[in-house]
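A.B. asks: Okay, predicted coordinates and the sequence, questions at the end:
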Amino acid sequence: MRPEGTSTLADDVLKTPLYDLHVELGAKMVPFAGYSMPVQYPMGVLKEHLHTREKAGLFDVSHMGQAYLSATGEDDVARVFESLVPGNISGLKPNAIRYTMFLNDEGGILDDLMTTRWAVRENTLFLVVNAACKDQDFALMSNKLAGRARLDVIEDRALLALQGPAASSVLAGFVPEAAEMGFMTAMIADYDGVELFISRSGYTGEDGYEISVPADKADAFARALLAHDDVEPIGLGARDSLRLEAGLCLYGHDIDTTTSPVEGDLTWAVAKARREAADFPGAARILGELANGTSRKRVGIQPEGRAPAREGVEIVDADGNVIGKITSGGFGPTAGGPVAMGYVTTEFSEIDTEVGLSVRGKIMPAKVASLPFVQQRYYRKPKV
Amino acid sequence: MMDIIKYTEDHEWILVEGDIATIGITDYAQNALGDVVFVELPEVGANYGKGDDASVVESVKAASEVYSPVSGEVVEVNTALDDAPDLVNQSAMDDGWFFKVKMSDPSELEDMMDETAYDELVKGLS
């Protein structure tokens, strides 16, 4: 076999403010979206994954793009922003967060992102977008919203994710109010003179937070979190298996410009009010698909054996005809076996439909499975 | 006669006992792969030439081919790996062996590295 060797860092690869900490912790660093990022720490992907589901994991997601979008005139910035996305952004209460996506005029997905209506600044949204898409996203907003909104890219903040059932009790040790936050809400907190933007959100299927912290304070804050017995550093490897088990899409793999939100089974992110107004990019196609269905659909795929089915594996019917393709797949440590998702022609998209996976020239049995593979455990605020 | 262990540049080890070669991946290889979650073993009775794809080892990160380092017929496979693929991580050089080949050309072993040479190779990689 030929295991990958230690990769040397090219000069043009960017580092996050936590780079030195990753190296000190013994991380295996890999290039990802232009940054040198930790794929795993000495604990290893499997244990990192399980630790996150059991206690709490700390992820460096500073490579992702953070920005403010502010209205330049009297219009609600959320209304202005809605011209690029199908979500109900204008209905967001102050400090509320929503998952949405940038669409092109054909209804293809340009990127998916988190949008927060920023309470401390007049008529402003706080956005977090994918690292690999951020330049394109920022250009899109600057061009399409010119004259109506101003984009301020945040270059001087790191982004940490603290995820897992112990995340709340850990963060409460720094910011007691964080434990009381509702899922998909944000707050600004002061910890020891450091301004933190805390969002109760994440991409692991667990309760947790994403915390934007000034770049020059990020190392100290990450070390303070890691000093807690329940917290371990977690790399991109486990981040991927955690989000896959949670049934969450990875942009560029499970969704991209060739997939619409309807094909991607993300119709819940196409808001009712927006459907009625039909005022988002690609509305004609997407409303047509909502009415008439699509020829293919994203589904969960459960291989029946032990062999993982990875991205690119063809999905076949009983006669061996290709009916789709795996877009994310691997081993799910919590599921205890292989898990995958992909696209199949719609007639094969019913749960429990038997399909085959063409792996290394052999057909392995599999079934269409409901997502997520591991129950999401987001925080639900007790009703008073 | 003492057992002989040889190594390949592809990080396989070969334990030679008479004309039977037991093949596995090295400790360096299992460490580079990370947690092994599945091993696809060859069929007993299959014939391989030196360097043919014989097996696949899947870690949480990726799938990697394991080549048959010698020519011959597969006479036994380590079925314990079906239920416990992590034996490759726990015991790469012993319980985590992959398959045994009845060698058709033992002279293929001659060019392979001994432990000292392999240790040098690994030292150069880290």
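C.D. replies: Yep, it's here.

A.B. asks: B:Lys6 belongs to a helix, doesn't it?
C.D. replies: No - the assignment for B:Lys6, made by DSSP: H, G, I helix; E, B strand; the rest coil, is strand rather than a helix.

A.B. asks: mind listing what the spatially closest residue to A:Thr72 that is not a sequence neighbour touches?
C.D. replies: Residue nearest to A:Thr72 in three dimensions, not counting chain neighbours: A:Arg150, with 5.4 Å by CB to CB, 6 or more residues apart in numbering or on different chains. Backbone N, C-alpha and C define where each C-beta goes, glycine included. Residues in contact with A:Arg150, defined by CB atoms under 8 Å, 6 or more residues apart in numbering or on different chains, are A:Leu69, A:Ser70, A:Ala71, A:Thr72.

A.B. asks: same thing but 10 Å
C.D. replies: Remark: with contacts taken as CB atoms under 10 Å, 6 or more residues apart in numbering or on different chains, A:Arg150 is in contact with A:Tyr68, A:Leu69, A:Ser70, A:Ala71, A:Thr72, A:Val77, A:Thr124, A:Met141, A:Ser142.

A.B. asks: Going by neighbour count, which of those comes out on top?
C.D. replies: A:Val77 (26 neighbours; other CB atoms under 10 Å in any protein chain shown).

A.B. asks: My guess is that residue contacts A:Leu84. True?
C.D. replies: No - with contact defined as CB atoms under 10 Å, A:Val77 and A:Leu84 do not form a contacting pair (11.9 Å).

A.B. asks: hang on, the earlier thing: would you confirm that the residue nearest to A:Thr72 belongs to a helix?
C.D. replies: No - using three-state DSSP, the secondary structure at A:Arg150 is strand, not a helix.

A.B. asks: Quick check: beta-bridge partners of residue 65?
C.D. replies: Chain wasn't specified; assuming chain A. As for beta bridges, A:Gly65 partners with A:Val129 under DSSP bridges.

A.B. asks: nope, chain B
C.D. replies: When bridges are assigned using DSSP bridges, the partners listed for B:Glu65 are B:Val56.

A.B. asks: tell me, how many neighbours does it end up with?
C.D. replies: Taking other CB under 10 Å as the neighbour definition, B:Glu65 ends up with a count of 15.

A.B. asks: where exactly do the strands run in chain B?
C.D. replies: B:4-7, B:12-17, B:20-25, B:36-40, B:47-48, B:53-59, B:63-67, B:72-77, B:99-103 (DSSP state E).

A.B. asks: Sketch out the low-pLDDT regions of chain B for me.
C.D. replies: Low-confidence segments of chain B, defined by pLDDT under 70, span residues B:1-2, B:126.

A.B. asks: Looking at it, which residue is nearest chain A?
C.D. replies: Closest residue of chain B to chain A, CB to the nearest CB: B:Ala32 (3.3 Å).

A.B. asks: so that residue makes contact with B:Ile25?
C.D. replies: Yes - with contact defined as CB under 10 Å, B:Ala32 counts as touching B:Ile25 (9.4 Å).

A.B. asks: tell me the contacts of the closest residue to chain B within the stretch 51-200 of chain A?
C.D. replies: Residue nearest to chain B within the stretch 51-200 of chain A: A:His51 (13.1 Å; CB to the nearest CB). Shown here is A:His51, whose contacts under the criterion CB under 10 Å, 6+ apart are A:Met43, A:Gly57, A:Gly164, A:Ala166, A:Asp230, A:Val231, A:Glu232, A:Pro233, A:Ile234, A:Ala238, A:Pro333.

A.B. asks: hmm, try it at 6 Å
C.D. replies: Counting by CB atoms under 6 Å, 6 or more residues apart in numbering or on different chains, A:His51 touches A:Glu232.

A.B. asks: Name the residues of the helix or strand hosting it that come out as buried.
C.D. replies: Element membership of A:His51 [criterion: DSSP states H and E] is helix A:45-54. For helix A:45-54, the buried set under the neighbour-count rule, 16 or more other CB atoms under 10 Å in any protein chain shown, comprises A:Val45, A:Leu46, A:Lys47, A:Glu48, A:His49, A:Leu50, A:His51, A:Thr52, A:Arg53.

A.B. asks: Quickly list what A:Ala158 is bridged to.
C.D. replies: A:Val213.

A.B. asks: okay, which residue is most central for chain A?
C.D. replies: A:Tyr203 (4.9 Å; CA atoms, centre = their mean).

A.B. asks: So what does that residue look like in phi/psi?
C.D. replies: The phi and psi values for A:Tyr203, taken as degrees, to the nearest 10, are phi -140, psi 40.

A.B. asks: try A:Phe183
C.D. replies: Geometry field for A:Phe183 lists phi and psi as phi -60, psi 140, criterion degrees, to the nearest 10.

A.B. asks: A:Pro165 versus that one, what's the distance?
C.D. replies: Taken as CB to CB, to the nearest Å, the spacing of A:Phe183 relative to A:Pro165 amounts to 14 Å.

A.B. asks: what does the helix or strand where A:Phe126 lies rub up against?
C.D. replies: Element membership for A:Phe126, per DSSP H and E: strand A:124-129. Contacts of strand A:124-129 from elsewhere in the structure, counted by CB under 6 Å, 6+ apart, are A:64-70, A:77, A:111, A:113-116, A:118, A:137.

A.B. asks: Assign the closest residue to A:Ala149 other than its chain neighbours to helix, strand or coil.
C.D. replies: Leaving aside its sequence neighbours, A:Ala149 sits nearest to A:Val80 (CB to CB, 6+ apart; 4.9 Å). Secondary structure assignment for A:Val80 (three-state DSSP): helix.
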